[in-house]
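S.K.: Task: produce atomic coordinates for the following.
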Amino acid sequence: RLAKEALVKAIERHAGHYIHLYGSSGKQTLAEGKDLTSVKYAIGTGGPLTRLPSGVEIIRQALETKNELLLKPSANTQILIDSNYIMASLGVMAKKHPEAALILLKNSLGIR
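M.R.: Model prediction:
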């Protein structure tokens, strides 16, 4: 439950949102912030998402949380888990060995 709530908060902080402005011409709805609605992949990394057997379900539940004002990824976003919990290390490794880092990343995410 704690992991899901933390993820919901993270989505709320990073996703843009719709705002309503009222003026003489009536109500206008504008988008403000990052539009994440077309994100294709959500990658779970970090302790709870990589070690709990329900990591994918935690992400799915967070994405399905109702908030029509958020410009968040849809519930259809493909979820990948950094099963080896190595993404941060690979960022450093990629500076000198980009091909090897990519192979390890794909392996950790289950991409063939």
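
S.K.: ok, now how distant is residue 101 from residue 87?
M.R.: Between residue 101 and residue 87 the distance, using C-beta to C-beta, to the nearest Å, works out to 10 Å. Any C-beta I mention is one placed from the backbone N, CA and C, and that applies to glycine too.

S.K.: centroid residue for this protein?
M.R.: When the chain is reduced to its mean C-alpha position, the nearest residue by C-alpha atoms, centre = their mean turns out to be residue 42, at 4.2 Å.

S.K.: and that one, that's in a helix?
M.R.: No. Residue 42 is assigned strand when assessed by DSSP: H, G, I helix; E, B strand; the rest coil, not a helix.

S.K.: does it have beta-bridge partners, and which?
M.R.: Residue 42 has these beta-bridge partners by DSSP bridges: residue 79.

S.K.: list the contacts for it?
M.R.: By C-beta atoms under 8 Å, 6 or more residues apart in numbering, residue 42 lies in contact with 59, 63, 73, 77, 78, 79, 80.

S.K.: just the buried members of these?
M.R.: The neighbour-count test (16 or more other C-beta atoms under 10 Å) marks 59, 63, 73, 77, 79, 80 as buried among those.

S.K.: ok, the second one - contacts?
M.R.: Meaning residue 63. If you count contacts by C-beta under 8 Å, 6+ apart, residue 63 has them with 11, 42, 72, 73, 74, 75, 77.

S.K.: average model confidence for stretch 52-64?
M.R.: Averaged across stretch 52-64, pLDDT comes to 94.

S.K.: and it, C-alpha only, in PDB?
M.R.: Coordinates of the C-alpha atoms in stretch 52-64 are reproduced here as PDB (Å, rounded to 0.1, in the frame of the first residue of the first chain):
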ATOM      1  CA  LEU A  52       7.900  -7.200  -4.300                       C
ATOM      2  CA  PRO A  53       6.100  -9.800  -6.400                       C
ATOM      3  CA  SER A  54       3.400  -7.300  -7.100                       C
ATOM      4  CA  GLY A  55       5.600  -4.600  -8.600                       C
ATOM      5  CA  VAL A  56       3.700  -4.500 -12.000                       C
ATOM      6  CA  GLU A  57       0.400  -4.500 -10.200                       C
ATOM      7  CA  ILE A  58       1.400  -1.600  -8.000                       C
ATOM      8  CA  ILE A  59       2.400   0.500 -11.000                       C
ATOM      9  CA  ARG A  60      -0.900  -0.500 -12.800                       C
ATOM     10  CA  GLN A  61      -3.000   0.500  -9.800                       C
ATOM     11  CA  ALA A  62      -1.200   3.800  -9.600                       C
ATOM     12  CA  LEU A  63      -1.800   4.500 -13.300                       C
ATOM     13  CA  GLU A  64      -5.500   3.600 -12.900                       C
END
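
S.K.: Right, I'll leave it there.
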